[in-house]
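**Q** What would the 3D arrangement of this be:
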Amino acid sequence: MNKNNYPIIAKEGWLYIIISLFISLYLSSFHPLISIPFWIISVFIIQFFRDPPRRISNKKNMVVSGADGKVIAIGETIDPYQKKKSIKVSVFMNVFNVHSNKAPVDGLILKKIYYPGKFLNAALSKASLENERCAIIIQTKNNPKKIITCVQIAGLVARRILCYKNAGDKVLRGERYGFIKFGSRVDLYLPLNTSIKVQVGQNVKNGESIIAELN
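**A** Sure, this is the predicted structure:
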């Protein structure tokens, strides 16, 4: 086992936190009662941008979750990015989950694809193809024939997808590669002979929970 450590509070939230705390402190000095809602908002923003360390499995062929949240769908479908049959596993993140995204496998990014789109509720199945999204196609390190797709999908409240990797970059399993602000989902498209290790309704943690094993 190993650890990938990141700032406890994600850097993407520092500006929001500073502004909210400044407003809360300013109002507290003049109108303590009025400042209460702003302190509540500040606490919410701090918890939203938390990014706790996770223990990453070092077992070969394991696929870890790219997001914190609940598994809302598992099933055979067509990977719209690779144009082939795959098993899709979808994880929905609500506003109380950790929103940093972790690489599901060790590998090489073959392609990065961004689509502008709608901002439907990310829990809906049609959000996979209609919402704003960013996909990375990863060739796994241990078996180059195994290629998976990891998709960040914006949600009803989420309005910005951040992906820090590009085609040609290497990623390590559990490495932080992106962030989605304020609610969203992550879809994984896996080879058909993959052994799925989670169930619909199960809560998972990014980088730590094992989603599947590549056979």
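**Q** How about the contacts made by residue 188?
**A** Residue 188 makes contact with 63, 66, 88-91, 104, 148-151, 211-212, according to CB atoms under 8 Å, 6 or more residues apart in numbering. C-beta: built from backbone N, CA, C; applies to glycine.
**Q** Repeat the analysis, applying 6 Å as the threshold.
**A** Neighbouring residues of residue 188 by CB atoms under 6 Å, 6 or more residues apart in numbering: 89, 150.
**Q** In the protein, where is pLDDT below threshold?
**A** When residues are selected by pLDDT under 70, those of the chain lie in 1-6, 119-127, 156-159, 182-183.
**Q** which stretches of it form helices?
**A** Taking DSSP state H to define them, one finds helices in the chain at 14-30, 32-48, 127-130.
**Q** Would you mind saying which of those lies nearest residue 187?
**A** When the helices of the chain are ranked by proximity to residue 187, the top entry is helix 127-130, at 5.6 Å, counting by CB to CB.
**Q** can you list the residues that contact the closest one?
**A** 117-118, 120, 153, 187.
**Q** Closest one of those to residue 17?
**A** Proximity of the contacts of helix 127-130 to residue 17 (CB to CB) peaks at residue 153, which lies at 25.0 Å.
**Q** Next, work out how far apart that closest one and residue 99 are.
**A** 12 Å (CB to CB, to the nearest Å).
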